[in-house]
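**Q** Here is a sequence together with a model predicted from it:
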Amino acid sequence: MRLLPHPLLTPILAVIWLLLNNSISPGHILLGVLLGWLIPLFTLRFWPEAISIRRPWVLLRFLLLVLHDIITANLAVAWRILRRPEHLQPAFIEVPLALESDLAISFLANTICLTPGTVSAQLSQDRRTLLVHALDAPDPAAVLASIKSRYEAPLKEVFEAC
């Protein structure tokens, strides 16, 4: 067993701890780093596969894109709700998955849930289709194309051999 099983997760957990506590005191920094080290160490046996990030710059671009989409989707959903909620056209959309790794599928499903106006509803038994609910989808094909190009394609590039 390695001493630092997930080197990227350790600082991420430490930063999350500091954000949750809204403090950068030495005690919180120490506790954040300690938790960031111990949590991955003790949960190592629960990780089903080794994480391999093939294209870190694509991942960084993807994270910035998701952050941008979260902000703009928040504004768009608020605008639609405040203006005329009776004109919303909700829809369930089946997204056929090109992703194969559990981690990549999980990232996609969580990204969809993080973006206001969409939510991942169900993953098929064979793990080939993700059911997504969209709050306003006058053109479900456009929502599907957006999910495939904006989210799934970069995740495939980052986590799976293309």
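**A** Everything's here; your move. Residues are numbered from 1 along each chain as shown.
**Q** For the residue most central in space within the chain, report the pLDDT, please.
**A** Centroid check for the chain by Cα atoms, centre = their mean gives residue 111 as the closest residue, at 3.2 Å. pLDDT for residue 111: 95.
**Q** Number the chain from 5, please
**A** Sure thing, new numbering starts at 5, so read that last one as residue 115.
**Q** ok, it - contacts?
**A** Each residue near residue 115 by Cβ atoms under 8 Å, 6 or more residues apart in numbering is listed here: 70, 155, 159. C-beta here means a position set from N, CA and C on the backbone, and glycine is covered the same way.
**Q** ok, residue 27 - contacts?
**A** Taking Cβ under 8 Å, 6+ apart as the test, residue 27 contacts no residue whatsoever.
**Q** switch the cut-off to 10 Å
**A** By Cβ atoms under 10 Å, 6 or more residues apart in numbering, residue 27 lies in contact with 21, 33, 36.
**Q** What about those residues, which are in strands?
**A** Applying DSSP state E to those, no entry is found in strands.
**Q** can I get those residues in JSON lines with distance to residue 121 and pLDDT?
**A** Putting these into JSON lines (distance: Cβ to Cβ, whole Å; pLDDT from 0 to 100) gives the following:
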{"residue": "21", "distance to residue 121": "30", "pLDDT": "91"}
{"residue": "33", "distance to residue 121": "37", "pLDDT": "94"}
{"residue": "36", "distance to residue 121": "33", "pLDDT": "93"}
